[in-house]
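Participant: test case, fold it:
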Amino acid sequence: MSKITGKGSFRGVPFLIEDEQGQNGGRRIVTHEYPLRNDGLTEDLGKRMRNYSVSCLVIGDDHIQQAEALVDALEADGVGTLKHPYFGTIEVCVDDYRLRHSTAHQRITRFDINFVPAQENNAPEITEDTAYSVLQEYGVVLDSLAEEFADSIGNVSGFINSMVDNPLFRLADTTTGFISTVFEGVANTVSGLTEMKDKALSIKNNLYGLLLTPKVLAKELQDLTRLNVKSTVNAQRQFVQHIVITDSIDTALSNLTSGKLEITKSTLDEMVAAKTNNVSETDILSRQFSNLHEQEVFDALMNKTTFLLKRLVLSTLAVEYGKAISDAVTESVAQKSVTEDTVAGLIESKADVKRYIADVDAQLENVILDNADAEQWTSYQALEAYRLTLLKDLRVRGERLANASEITLKDTYPAVLLEYRHTGNAKSWKRLALRNGISHPLFCLGGTTIEVLQ
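Facilitator: Here you go, the predicted model:
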């Protein structure tokens, strides 16, 4: 009988080891040999997983029962713990085993077992690129808004074609009044919007041509409302300006459409369908507007144009706001290290993300419901899909940002000391001062509350 050299166990079942214990390993080498050539290629595909060969036995009058217990342990599911005098304590899986009984050696059952290390699942996990999804939905929603606007304007234009001599002139007059009231009016009241005013003037100068291609007109109006955050230094100022612009435009649009009648989309679609089926204009008007004169119907159609313009602008403003917030999170997540030159960004913590999520969700919810009330279902569906994608992106990537905690100062300290005390890194003291609006970084006054990123 072989000499017994030590004790071991697997899943708590003991055994005795014999003289020879083996361990195999190496590299995964693949050789390539080519016909009619005297050379070849050797590729190293990485480290080969180790495997352990254990020769062991159980001994005693109850060796059959001991062997059955060890067999149960070897055949159990999953990972087990191997305790071995040579290999130590390791987590392994059983590759195979061989059990041997012998009439020459009574009271003994021998095992030859091959173990392989239990490796965790270290393959790359599949995750959704939520930022790219937002970018995709951003393009889709803007195109959907422009497409539905163009279809509705085309329907209005097609119906009034037989009501007035120059329908294009009337549409241009309504659109010009809208642009002057909304964009030029806002540019005159909010500083720094010279570019918006110039673009609005350019659209007015080319309005007749744009009305012939209403989708291009929609794209031009969307470009007027685009929010470009060019740097983190003035991001806060630009976002505050965006809020002011949105409020100003919303107020101007409310005043512009106050007390005006809007024809529903279903009514307009029925009018266009009847006209397509060669129903006379008089019959259409008497059927849909029995209590209105023809001039009142025409005014209602012009009002419909104003409402379409209003809905396009407000929806685009909300979409652009969400896109800018997503871009701000991208910039913050991409910032790998904090240096002395690091400045306070628009979104730096999970608390910032939560605050902006509530804000953009409210804006998008308003325009979504407005489009639903107006029966603009294409825009409604595109906006809702964009909203869900954006909120998912902000929640997922917002988890990568720092936590923010509020600290009430008991005494006056310099910003550099506070940053080091609460974060262990004094390099970002400038960001602390900017984030909390500290006028002099040497004097963070006692009794005040500041926010520290951790």
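
Participant: quickly find the element holding Gly209.
Facilitator: helix 207-212 (DSSP states H and E).

Participant: and for the nearest residue to Leu41 once chain neighbours are set aside, the neighbour number?
Facilitator: Of all residues not flanking Leu41 in the chain, His32 sits nearest, at 4.1 Å (C-beta to C-beta, 6 or more residues apart in numbering). Placement of C-beta: from N, CA and C, glycine included. For His32, the neighbour count with other C-beta atoms under 10 Å is 9.

Participant: OK, contacts around His32?
Facilitator: Shown in contact with His32 (C-beta atoms under 8 Å, 6 or more residues apart in numbering): 40-43.

Participant: are we agreed that it is in a helix?
Facilitator: No: going by DSSP: H, G, I helix; E, B strand; the rest coil, the assignment for His32 is strand, not a helix.

Participant: thinking again about what came up before, show me which pair in the contacts of His32 is furthest apart.
Facilitator: Greatest spacing in the contacts of His32, by C-beta to C-beta: Gly40 and Glu43 (10.3 Å).

Participant: now do the shared contacts for these two.
Facilitator: 31-32.

Participant: still on that earlier bit, now the contacts of His32 as JSON lines including pLDDT and neighbour count?
Facilitator: JSON lines is the format used below for the contacts of His32 (pLDDT from 0 to 100; neighbours: other C-beta atoms under 10 Å):
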{"residue": "Gly40", "pLDDT": "88", "neighbour count": "9"}
{"residue": "Leu41", "pLDDT": "91", "neighbour count": "9"}
{"residue": "Thr42", "pLDDT": "92", "neighbour count": "8"}
{"residue": "Glu43", "pLDDT": "92", "neighbour count": "10"}
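
Participant: now, those residues that are in strands?
Facilitator: Counting by DSSP state E, the contacts of His32 place 40-43 in strands.

Participant: which one of those sits closest to Thr412?
Facilitator: Glu43 (66.1 Å).

Participant: that closest one bridge partners, please.
Facilitator: Listed beta-bridge partners, Glu43: Val30 (assigned using DSSP bridges).

Participant: for the helix holding Gly209, buried residues please.
Facilitator: For helix 207-212, burial by neighbour count (16 or more other C-beta atoms under 10 Å) applies to 207, 210-211.

Participant: what packs against it?
Facilitator: helix 167-179, helix 214-224 (3 or more C-beta pairs under 8 Å, 6 or more residues apart in numbering; DSSP states H and E).

Participant: contacting residues around the last one?
Facilitator: Counting contacts by C-beta under 8 Å, 6+ apart, the residues outside helix 214-224 that touch it are 142, 145-147, 149-150, 153-154, 157, 175, 183, 196, 199-200, 203, 207, 210-211, 309, 312-313, 316.

Participant: same deal with the first one?
Facilitator: Outside helix 167-179, the residues that touch it by C-beta under 8 Å, 6+ apart are 153, 156-157, 160-161, 164, 200, 203-204, 207-208, 211-212, 217, 256, 302, 305-306, 309-310.

Participant: now, which of the residues you listed lie within strands?
Facilitator: Using DSSP E, no member of the contacts of helix 167-179 falls in strands.

Participant: can you select the buried ones among these for me in PyMOL?
Facilitator: Selection of the buried residues among those in PyMOL, burial being defined by 16+ other C-beta under 10 Å:
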select buried, resi 153+156+157+160+200+203+204+207+211+217+256+302+305+306+309+310
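
Participant: got any ranges where the stretch 151-300 of the chain has weak pLDDT?
Facilitator: Along the stretch 151-300 of the chain, segments meeting pLDDT under 70 span 161-165, 185-193, 227-241, 269, 271-295, 297.

Participant: recalculate using a threshold of 80.
Facilitator: By pLDDT under 80, the weakly predicted segments of the stretch 151-300 of the chain are 155-170, 181-200, 208, 225-300.

Participant: go on, the stretch 1-150 of the chain?
Facilitator: In the stretch 1-150 of the chain the weaker segments, taking pLDDT under 80 as the threshold, are 1-5, 19, 119-128.

Participant: residue at max distance from the center of the protein?
Facilitator: Computed with C-alpha atoms, centre = their mean, the residue of the chain farthest from its C-alpha average is Ala104, at 71.3 Å.

Participant: next, count neighbours for Gly139.
Facilitator: Neighbour count for Gly139, taken as other C-beta under 10 Å: 11.

Participant: next one: Asp361
Facilitator: 16.

Participant: got the contact list for it?
Facilitator: Under the criterion of C-beta under 8 Å, 6+ apart, the neighbours of Asp361 are 387, 391.

Participant: pretty sure it sits in a strand.
Facilitator: No: looking at Asp361 with three-state DSSP, it is helix, so not inside a strand.

Participant: still on that earlier bit, in JSON lines, list the helices and strands packed on helix 207-212 along with distance to Glu331.
Facilitator: Listed next are the helices and strands packed on helix 207-212 as JSON lines, based on distance: least, C-beta to C-beta, whole Å:
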{"stretch": "helix 167-179", "distance to Glu331": "33"}
{"stretch": "helix 214-224", "distance to Glu331": "23"}
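
Participant: identify, out of those, the most deeply packed stretch.
Facilitator: Neighbour counts (mean count of other C-beta atoms under 10 Å) averaged over each of the helices and strands packed on helix 207-212 peak at helix 214-224, with a mean of 20.

Participant: show me what the lengthiest helix in the chain packs onto, helices and strands only.
Facilitator: For the chain, the helix with the greatest residue count under DSSP state H is helix 294-334. Counting contacts by 3+ C-beta pairs under 8 Å, 6+ apart, helix 294-334 packs against helix 130-160, helix 167-179, helix 214-224, helix 235-257, helix 350-373, helix 377-398.
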